[in-house]
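Asker: Show me how the following folds:
(2 chains)
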Amino acid sequence: DSGVTQTPKHLITATGQRVTLRCSPRSGDLSVYWYQQSLDQGLQFLIQYYNGEERAKGNILERFSAQQFPDLHSELNLSSLELGDSALYFCASSVADGSNSPLHFGNGTRLTVT
Amino acid sequence: GDSVTQMEGPVTLSEEAFLTINCTYTATGYPSLFWYVQYPGEGLQLLLKATKADDKGSNKGFEATYRKETTSFHLEKGSVQVSDSAVYFCALSDGRYSTLTFGKGTMLLVSP
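Answerer: This is a model prediction of the structure:
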């Protein structure tokens, strides 16, 4: 058990809809990262927050947004969903935001857009 | 930009066989290198890491050496077990933050 909790485990929704994925980091971790895993693109970094502030941005679409709250949990909002957004979304956390700080991953949220 | 290339799988081995999974990278500067493992239905777990050239990371019988001259970080294990069946990801960190660039993953299947 990594200590990172993601909810829900599975989400099925229709095109055009909006969903929110939630992540609780490991106790004591200040950084939260979101990754998208799909068969064709592999694991893609979306966005990172550190202690409530956006720290780094990757291949995140404009239809997607995220935030980290004062209690350090994070939410990833996906809107105007398309079939191609179907993927496994992982949250990871780390103590700090340096390159030697290992990431601890949750078990992911599987999103299916129909 | 940074990138990681791994050998395509699946890699199919018998128990006690020797394992090598190749990984090469492209990066500016001096990245840290990682191997993560993903078991079915679970998130990724850090297997080992190396932060500078010629460092060797090791864990649970797995090893990988950071080779700057060949920009490689190949994963090896002398004797695999059925329980090692999983997907293995090579990754690098660009050094500014902990954001990781991953390879596409290599599935390992070990049969008894």
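
Asker: For chain B, what lies in contact range of chain A?
Answerer: For chain B, the residues found near chain A under the criterion CB under 8 Å from any CB of the partner chain are B:31-32, B:34, B:36, B:41-46, B:49, B:51, B:89, B:93-105. Glycine gets a C-beta too; all of them are placed from N, C-alpha and C.

Asker: which among those end up buried?
Answerer: Using 16 or more other CB atoms under 10 Å in any protein chain shown as the burial test, the residues of chain B next to chain A include B:31-32, B:34, B:36, B:43-46, B:49, B:51, B:89, B:93-95, B:97-105 as buried.

Asker: From what I see, B:Glu42 and A:Phe90 are in contact.
Answerer: No - using CB atoms under 8 Å, B:Glu42 makes no contact with A:Phe90, being 10.4 Å away.

Asker: Report the spatially nearest residue to the residue in chain B positioned nearest to chain A, omitting neighbours in sequence.
Answerer: Closest contact between chain B and chain A, by CB to the nearest CB, is at B:Gly43 (3.4 Å). Nearest residue to B:Gly43 in three dimensions, chain neighbours excluded: A:Phe105, at 3.4 Å (CB to CB, 6 or more residues apart in numbering or on different chains).

Asker: Please apply the same query to A:His104.
Answerer: Of all residues not flanking A:His104 in the chain, A:Ser2 sits nearest, at 4.4 Å (CB to CB, 6+ apart).

Asker: Can you tell me the element that neighbour falls in?
Answerer: Using DSSP states H and E, A:Ser2 falls within no helix or strand.

Asker: Which pLDDT value belongs to it?
Answerer: Here, the pLDDT recorded for A:Ser2 equals 82.

Asker: wait, it sits on A:Pro102?
Answerer: No - counting by CB under 8 Å, A:Ser2 sits too far from A:Pro102 to count as a contact (10.5 Å).

Asker: Residue of chain A nearest chain B, please.
Answerer: Closest residue of chain A to chain B, CB to the nearest CB: A:Phe105 (3.4 Å).

Asker: tally of neighbours for that residue?
Answerer: 22 (other CB atoms under 10 Å in any protein chain shown).

Asker: What's the separation between it and B:Val87?
Answerer: Applying CB to CB, to the nearest Å, the value for A:Phe105 to B:Val87 is 13 Å.

Asker: any shared contact partners between those two?
Answerer: Overlap of the contact sets of A:Phe105 and B:Val87 (by CB atoms under 8 Å, 6 or more residues apart in numbering or on different chains) is empty.

Asker: Point to the residue nearest the middle of chain A.
Answerer: Centroid-nearest residue in chain A: A:Trp34, 3.1 Å away (criterion: CA atoms, centre = their mean).
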